[in-house]
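J.: Dropping a prediction and its sequence here:
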Amino acid sequence: MILFKHRKDLSSYLQNSSITPSSIGFVPTMGALHNGHISLIQAARLENTLVVASIFVNPTQFTELIDFEKYPSTIEADILKLEKAGCDILFLPSIADIYPNGSSPSQQYDLGQLDSILEAEFRKGHFQGVCQIVHLLLEIIAPGKLYLGQKDFQQCLVIKKMISLVGIDTSVIICPTQREPDGLAMSSRNVRLSHSERQKAAYLFKTLSFIKENVQQKDLENLKQIAQNSLTDQGFKVDYVAISNAQTLETIQNWNGKSTLVALVAANINHVRLIDNLVLN
Ligand code: AMP
(Lines give C-alpha, C1' and ligand atoms only; values in the text may rest on other atoms or scores of the structure.)
Protein backbone atom coordinates (compact mmCIF):
# COMPACT_ATOMS: atom_id res chain seq x y z
CA MET A 1 0.00 0.00 0.00
CA ILE A 2 1.27 3.47 -0.88
CA LEU A 3 0.65 6.27 1.61
CA PHE A 4 0.09 9.82 0.35
CA LYS A 5 -0.06 12.77 2.73
CA HIS A 6 -0.36 15.55 0.16
CA ARG A 7 -3.10 15.89 -2.37
CA LYS A 8 -0.76 17.17 -5.11
CA ASP A 9 1.36 13.99 -4.79
CA LEU A 10 -1.69 11.75 -4.98
CA SER A 11 -3.10 13.68 -7.95
CA SER A 12 0.12 13.49 -9.91
CA TYR A 13 0.55 9.78 -9.09
CA LEU A 14 -2.97 9.03 -10.37
CA GLN A 15 -2.55 11.24 -13.47
CA ASN A 16 0.75 9.56 -14.38
CA SER A 17 -0.50 6.01 -13.80
CA SER A 18 -2.10 4.05 -16.60
CA ILE A 19 -5.21 3.35 -14.52
CA THR A 20 -8.47 4.73 -15.87
CA PRO A 21 -10.83 6.44 -13.40
CA SER A 22 -13.51 3.82 -14.11
CA SER A 23 -11.31 1.16 -12.50
CA ILE A 24 -10.68 3.13 -9.28
CA GLY A 25 -12.79 2.30 -6.21
CA PHE A 26 -12.72 4.83 -3.39
CA VAL A 27 -13.60 4.43 0.31
CA PRO A 28 -13.60 7.67 2.35
CA THR A 29 -13.32 7.24 6.12
CA MET A 30 -12.48 9.13 9.29
CA GLY A 31 -10.28 6.32 10.59
CA ALA A 32 -10.49 4.27 13.81
CA LEU A 33 -11.26 1.50 11.36
CA HIS A 34 -13.43 -1.51 12.19
CA ASN A 35 -14.89 -4.33 10.15
CA GLY A 36 -17.64 -2.06 8.81
CA HIS A 37 -15.01 0.06 7.05
CA ILE A 38 -13.06 -3.02 6.00
CA SER A 39 -16.17 -4.52 4.38
CA LEU A 40 -16.22 -1.47 2.07
CA ILE A 41 -12.55 -2.02 1.17
CA GLN A 42 -13.31 -5.68 0.44
CA ALA A 43 -16.27 -4.76 -1.77
CA ALA A 44 -14.08 -2.24 -3.63
CA ARG A 45 -11.28 -4.82 -3.94
CA LEU A 46 -13.60 -7.23 -5.77
CA GLU A 47 -14.67 -4.68 -8.39
CA ASN A 48 -11.69 -2.40 -9.11
CA THR A 49 -8.09 -2.43 -10.31
CA LEU A 50 -7.08 0.25 -7.82
CA VAL A 51 -8.57 0.66 -4.33
CA VAL A 52 -8.04 4.02 -2.63
CA ALA A 53 -9.03 4.75 0.98
CA SER A 54 -8.80 8.06 2.77
CA ILE A 55 -8.58 8.82 6.47
CA PHE A 56 -9.46 12.39 7.31
CA VAL A 57 -11.38 13.61 10.34
CA ASN A 58 -13.15 16.47 8.63
CA PRO A 59 -13.64 19.40 11.02
CA THR A 60 -16.35 21.02 8.91
CA GLN A 61 -18.84 18.21 9.47
CA PHE A 62 -18.72 18.32 13.27
CA THR A 63 -21.28 20.42 15.08
CA GLU A 64 -19.67 19.97 18.49
CA LEU A 65 -15.97 20.82 18.91
CA ILE A 66 -15.73 18.25 21.73
CA ASP A 67 -16.97 15.50 19.40
CA PHE A 68 -14.27 16.46 16.84
CA GLU A 69 -11.54 16.62 19.47
CA LYS A 70 -12.56 13.30 21.02
CA TYR A 71 -12.84 11.48 17.71
CA PRO A 72 -10.76 8.29 18.15
CA SER A 73 -7.53 7.87 16.20
CA THR A 74 -5.79 4.51 15.72
CA ILE A 75 -3.70 5.24 12.66
CA GLU A 76 -1.08 2.49 12.97
CA ALA A 77 -3.69 -0.22 13.45
CA ASP A 78 -5.71 1.30 10.58
CA ILE A 79 -2.75 1.03 8.19
CA LEU A 80 -2.29 -2.66 9.06
CA LYS A 81 -6.01 -3.38 8.54
CA LEU A 82 -6.06 -1.60 5.18
CA GLU A 83 -2.98 -3.46 3.97
CA LYS A 84 -4.46 -6.78 5.05
CA ALA A 85 -7.69 -6.02 3.18
CA GLY A 86 -5.76 -5.33 -0.04
CA CYS A 87 -6.07 -1.55 -0.19
CA ASP A 88 -3.62 -0.05 -2.73
CA ILE A 89 -3.47 3.59 -1.68
CA LEU A 90 -4.14 5.40 1.59
CA PHE A 91 -4.65 9.15 1.42
CA LEU A 92 -3.92 10.61 4.85
CA PRO A 93 -3.91 14.39 4.48
CA SER A 94 -3.60 17.08 7.13
CA ILE A 95 -6.26 19.73 7.64
CA ALA A 96 -3.87 22.33 6.13
CA ASP A 97 -3.41 20.20 3.02
CA ILE A 98 -7.16 19.82 2.50
CA TYR A 99 -8.14 23.38 3.43
CA PRO A 100 -5.08 25.55 2.57
CA ASN A 101 -7.26 28.66 2.43
CA GLY A 102 -9.30 27.88 5.54
CA SER A 103 -12.28 25.60 5.75
CA SER A 104 -15.06 28.10 5.05
CA PRO A 105 -17.27 26.50 2.42
CA SER A 106 -16.82 27.87 -1.09
CA GLN A 107 -20.11 26.33 -2.18
CA GLN A 108 -23.53 25.56 -0.73
CA TYR A 109 -25.21 22.35 -1.87
CA ASP A 110 -28.97 22.45 -2.38
CA LEU A 111 -29.86 19.17 -0.70
CA GLY A 112 -33.55 20.00 -0.28
CA GLN A 113 -35.26 18.54 2.75
CA LEU A 114 -32.39 16.09 3.31
CA ASP A 115 -30.59 19.09 4.80
CA SER A 116 -33.24 19.87 7.39
CA ILE A 117 -34.66 16.56 8.66
CA LEU A 118 -33.44 13.77 10.97
CA GLU A 119 -29.62 14.00 11.28
CA ALA A 120 -29.63 17.48 9.73
CA GLU A 121 -32.04 18.75 12.37
CA PHE A 122 -29.74 17.64 15.19
CA ARG A 123 -26.40 18.40 13.49
CA LYS A 124 -26.71 21.80 11.83
CA GLY A 125 -24.38 22.17 8.85
CA HIS A 126 -23.22 18.56 9.11
CA PHE A 127 -24.22 17.51 5.60
CA GLN A 128 -22.82 20.67 3.99
CA GLY A 129 -19.49 19.70 5.61
CA VAL A 130 -19.85 16.11 4.38
CA CYS A 131 -20.55 17.33 0.83
CA GLN A 132 -17.63 19.76 0.97
CA ILE A 133 -15.10 17.05 1.85
CA VAL A 134 -16.51 14.24 -0.31
CA HIS A 135 -16.76 16.59 -3.33
CA LEU A 136 -13.12 17.62 -2.84
CA LEU A 137 -11.94 14.02 -2.43
CA LEU A 138 -13.86 12.95 -5.54
CA GLU A 139 -12.18 15.74 -7.52
CA ILE A 140 -8.74 14.63 -6.34
CA ILE A 141 -9.24 10.88 -6.83
CA ALA A 142 -11.85 10.80 -9.64
CA PRO A 143 -13.00 7.24 -8.87
CA GLY A 144 -15.48 5.35 -11.02
CA LYS A 145 -17.06 3.91 -7.88
CA LEU A 146 -17.56 5.33 -4.41
CA TYR A 147 -18.27 2.86 -1.56
CA LEU A 148 -20.47 3.97 1.33
CA GLY A 149 -22.04 2.15 4.28
CA GLN A 150 -25.80 1.85 4.71
CA LYS A 151 -25.14 2.51 8.40
CA ASP A 152 -25.19 6.22 7.50
CA PHE A 153 -28.40 5.99 5.51
CA GLN A 154 -29.15 9.70 5.17
CA GLN A 155 -25.51 10.41 4.31
CA CYS A 156 -25.77 7.96 1.38
CA LEU A 157 -28.76 9.88 -0.01
CA VAL A 158 -27.03 13.22 0.59
CA ILE A 159 -23.85 12.16 -1.22
CA LYS A 160 -25.85 10.74 -4.15
CA LYS A 161 -27.68 14.05 -4.39
CA MET A 162 -24.43 16.06 -4.20
CA ILE A 163 -22.90 13.94 -6.98
CA SER A 164 -25.90 14.55 -9.22
CA LEU A 165 -25.86 18.31 -8.40
CA VAL A 166 -22.18 18.78 -9.28
CA GLY A 167 -22.28 16.34 -12.21
CA ILE A 168 -19.39 14.08 -11.22
CA ASP A 169 -19.16 10.75 -13.06
CA THR A 170 -18.96 8.42 -10.05
CA SER A 171 -21.37 5.60 -9.15
CA VAL A 172 -22.32 5.14 -5.52
CA ILE A 173 -22.21 1.59 -4.15
CA ILE A 174 -24.01 1.16 -0.83
CA CYS A 175 -22.74 -1.71 1.32
CA PRO A 176 -24.69 -3.41 4.13
CA THR A 177 -24.24 -2.40 7.77
CA GLN A 178 -21.80 -4.65 9.63
CA ARG A 179 -22.93 -5.53 13.14
CA GLU A 180 -21.52 -6.98 16.34
CA PRO A 181 -22.93 -10.40 17.35
CA ASP A 182 -25.58 -8.70 19.55
CA GLY A 183 -26.73 -6.53 16.63
CA LEU A 184 -25.02 -3.25 17.53
CA ALA A 185 -23.90 -1.52 14.33
CA MET A 186 -20.12 -1.23 14.25
CA SER A 187 -19.04 2.36 14.76
CA SER A 188 -15.81 4.16 15.61
CA ARG A 189 -17.72 5.80 18.45
CA ASN A 190 -18.49 2.44 20.14
CA VAL A 191 -15.05 2.45 21.80
CA ARG A 192 -16.21 5.44 23.85
CA LEU A 193 -18.92 3.32 25.54
CA SER A 194 -18.27 1.92 29.01
CA HIS A 195 -18.93 -1.78 29.59
CA SER A 196 -22.49 -1.20 30.82
CA GLU A 197 -23.22 1.41 28.11
CA ARG A 198 -21.95 -1.03 25.49
CA GLN A 199 -24.39 -3.68 26.74
CA LYS A 200 -27.24 -1.20 26.67
CA ALA A 201 -26.32 -0.02 23.15
CA ALA A 202 -27.50 -3.33 21.64
CA TYR A 203 -31.02 -2.22 22.49
CA LEU A 204 -30.99 0.14 19.50
CA PHE A 205 -30.94 -2.74 17.04
CA LYS A 206 -33.52 -4.64 19.10
CA THR A 207 -35.80 -1.63 18.82
CA LEU A 208 -35.33 -1.41 15.05
CA SER A 209 -36.03 -5.14 14.78
CA PHE A 210 -39.19 -4.67 16.85
CA ILE A 211 -40.36 -2.00 14.37
CA LYS A 212 -39.60 -4.33 11.47
CA GLU A 213 -41.58 -7.16 13.04
CA ASN A 214 -44.59 -4.93 13.62
CA VAL A 215 -44.59 -2.67 10.57
CA GLN A 216 -47.59 -4.41 9.01
CA GLN A 217 -49.81 -2.91 11.70
CA LYS A 218 -51.57 0.22 10.44
CA ASP A 219 -50.65 2.76 13.09
CA LEU A 220 -47.02 3.71 12.40
CA GLU A 221 -47.20 6.72 14.76
CA ASN A 222 -48.12 4.39 17.60
CA LEU A 223 -45.34 1.98 16.64
CA LYS A 224 -42.76 4.80 16.70
CA GLN A 225 -44.06 5.99 20.06
CA ILE A 226 -43.74 2.51 21.59
CA ALA A 227 -40.19 2.26 20.22
CA GLN A 228 -39.23 5.68 21.51
CA ASN A 229 -40.71 5.02 24.96
CA SER A 230 -38.90 1.73 25.31
CA LEU A 231 -35.56 3.39 24.42
CA THR A 232 -36.23 6.12 26.95
CA ASP A 233 -37.09 3.46 29.56
CA GLN A 234 -33.71 1.83 28.85
CA GLY A 235 -31.99 5.14 29.68
CA PHE A 236 -31.38 6.54 26.19
CA LYS A 237 -31.91 10.20 25.36
CA VAL A 238 -33.67 9.79 22.04
CA ASP A 239 -33.14 12.35 19.26
CA TYR A 240 -35.53 10.65 16.87
CA VAL A 241 -37.23 7.43 15.87
CA ALA A 242 -38.51 7.69 12.30
CA ILE A 243 -40.28 5.47 9.81
CA SER A 244 -39.60 6.97 6.40
CA ASN A 245 -39.73 6.43 2.68
CA ALA A 246 -36.35 4.82 1.88
CA GLN A 247 -35.87 6.89 -1.29
CA THR A 248 -36.74 10.34 0.06
CA LEU A 249 -36.73 9.95 3.86
CA GLU A 250 -40.16 11.60 3.98
CA THR A 251 -42.10 10.55 7.06
CA ILE A 252 -44.68 7.90 6.26
CA GLN A 253 -48.01 8.29 8.00
CA ASN A 254 -50.30 6.20 5.80
CA TRP A 255 -48.26 3.44 4.28
CA ASN A 256 -49.61 1.95 1.03
CA GLY A 257 -47.90 -1.35 1.84
CA LYS A 258 -45.77 -1.07 -1.30
CA SER A 259 -43.12 1.67 -1.03
CA THR A 260 -39.87 0.68 0.68
CA LEU A 261 -39.66 1.89 4.25
CA VAL A 262 -36.69 2.46 6.50
CA ALA A 263 -36.70 2.88 10.27
CA LEU A 264 -34.03 5.27 11.53
CA VAL A 265 -32.98 5.99 15.06
CA ALA A 266 -30.56 8.37 16.78
CA ALA A 267 -30.11 8.16 20.52
CA ASN A 268 -27.57 9.14 23.14
CA ILE A 269 -26.20 7.01 25.93
CA ASN A 270 -24.72 9.60 28.26
CA HIS A 271 -22.15 11.42 26.09
CA VAL A 272 -22.12 9.02 23.11
CA ARG A 273 -24.53 9.55 20.23
CA LEU A 274 -25.39 6.46 18.19
CA ILE A 275 -27.35 6.11 14.95
CA ASP A 276 -28.71 3.06 13.18
CA ASN A 277 -31.35 2.08 10.63
CA LEU A 278 -33.10 -0.94 9.19
CA VAL A 279 -34.91 -1.33 5.87
CA LEU A 280 -38.32 -2.71 6.82
CA ASN A 281 -39.66 -4.44 3.71
P1 AMP B 1 -16.78 7.02 8.99
O2 AMP B 1 -15.36 6.66 9.22
O3 AMP B 1 -17.65 6.86 10.19
O4 AMP B 1 -16.93 8.36 8.30
O5 AMP B 1 -17.34 5.95 7.97
C6 AMP B 1 -16.73 5.76 6.71
C7 AMP B 1 -17.62 4.87 5.88
O8 AMP B 1 -17.78 3.62 6.54
C9 AMP B 1 -19.02 5.46 5.68
O10 AMP B 1 -19.44 5.21 4.35
C11 AMP B 1 -19.84 4.68 6.67
O12 AMP B 1 -21.20 4.57 6.33
C13 AMP B 1 -19.16 3.32 6.61
N14 AMP B 1 -19.47 2.55 7.80
C15 AMP B 1 -19.36 2.96 9.10
N16 AMP B 1 -19.80 2.01 9.94
C17 AMP B 1 -20.21 0.97 9.16
C18 AMP B 1 -20.78 -0.30 9.43
N19 AMP B 1 -21.03 -0.72 10.67
N20 AMP B 1 -21.07 -1.10 8.38
C21 AMP B 1 -20.83 -0.70 7.10
N22 AMP B 1 -20.30 0.49 6.79
C23 AMP B 1 -19.99 1.32 7.79
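T.: That came through fine.
J.: lowest average confidence, helix or strand, in this protein?
T.: Of the helices and strands making up the chain, the lowest-confidence element is helix 65-69, at a mean of 90, by mean pLDDT, DSSP states H and E.
J.: what sits up against whatever helix or strand comes next after it?
T.: Reading on from helix 65-69 to the C-terminus, the next helix or strand found by DSSP states H and E is helix 75-84. In this structure, residues lying in contact with helix 75-84 by C-beta atoms under 8 Å, 6 or more residues apart in numbering are 1, 3, 31-33, 37-38, 41, 53, 55, 90, 92. From N, CA and C alone the C-beta is placed, and that goes for glycine too.
J.: Let me have these in TSV, adding pLDDT as columns.
T.: Formatted as TSV, the contacts of helix 75-84 follow (pLDDT from 0 to 100):
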residue	pLDDT
M1	98
L3	98
G31	98
A32	97
L33	98
H37	98
I38	98
I41	99
A53	99
I55	98
L90	99
L92	98
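J.: Report the separation between the residue of the stretch 51-200 of the chain found nearest the ligand and H34.
T.: Nearest residue of the stretch 51-200 of the chain to the ligand, counting by C-beta to the nearest ligand atom: G149, 2.2 Å away. G149 sits at a distance of 11 Å from H34 (criterion: C-beta to C-beta, to the nearest Å).
J.: who's in contact with the closest residue to T232 other than its chain neighbours?
T.: Computed as C-beta to C-beta, 6 or more residues apart in numbering, the closest residue to T232 that is not its neighbour in sequence is V238, at 5.9 Å. With contacts taken as C-beta under 8 Å, 6+ apart, V238 has the following neighbours: 228, 231-232, 265-268.
J.: V238 looks like it's in a helix, true?
T.: No. Note on V238: no helix contains this position according to DSSP: H, G, I helix; E, B strand; the rest coil, which reports strand.
J.: Okay, and the beta partners of it?
T.: A267 (DSSP bridges).
J.: What does the pLDDT read for it?
T.: You'll see V238 listed with a pLDDT of 98.
J.: tally of neighbours for Q42?
T.: 17 (other C-beta atoms under 10 Å).
J.: Relative to I252, how far out is the closest residue to it other than its chain neighbours?
T.: For Q42, the nearest residue in space outside its immediate sequence neighbours is A85; the separation is 5.8 Å by C-beta to C-beta, 6+ apart. For A85, the distance to I252 (C-beta to C-beta) stands at 37 Å.
J.: domains in the chain, as residue ranges please.
T.: Domains of the chain are assigned by automatic domain parsing as 2-175, 188-276.
J.: mind putting those domains in a markdown table, distance to D182 included?
T.: Conversion of those to a markdown table gives the following (distance: least, C-beta to C-beta, whole Å):
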| stretch | distance to D182 |
| --- | --- |
| domain 2-175 | 14 |
| domain 188-276 | 4 |
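J.: that older thread, need the buried ones from the contacts of helix 75-84 selected in ChimeraX.
T.: In ChimeraX, a selection of the buried entries from the contacts of helix 75-84 looks like this (16 or more other C-beta atoms under 10 Å):
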select :31,32,33,37,38,41,53,55,90,92
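J.: Show the overlap between the contacts of helix 75-84 and what lies near the ligand.
T.: Filtering the contacts of helix 75-84 for proximity to the ligand (criterion: C-beta under 6 Å from any ligand atom) leaves H37.
J.: Confirm that I243 lies within a strand, as I assumed.
T.: Yes. Secondary structure of I243 (three-state DSSP): part of a strand.
J.: Next, count neighbours for it.
T.: As a burial measure, the neighbour count of I243 was computed by other C-beta under 10 Å and equals 20.
J.: if I pick it, what's in contact with it?
T.: Contact analysis of I243 by C-beta under 8 Å, 6+ apart lists 211, 215, 220, 223-224, 251-252, 261-263, 280.
J.: if we can go back for a sec, residues in contact with the residue of the stretch 51-200 of the chain closest to the ligand?
T.: By C-beta under 8 Å, 6+ apart, the contact list for G149 reads 36-37, 39-40, 156, 174-178.
J.: thought A246 was touching N277?
T.: No. Distance between A246 and N277: 9.1 Å, which falls outside the contact criterion (C-beta atoms under 8 Å).
J.: Looking only at neighbour counts, state which of those two leads.
T.: Neighbours per residue, other C-beta under 10 Å: of A246 and N277, the larger number sits with N277, 23 against 18.
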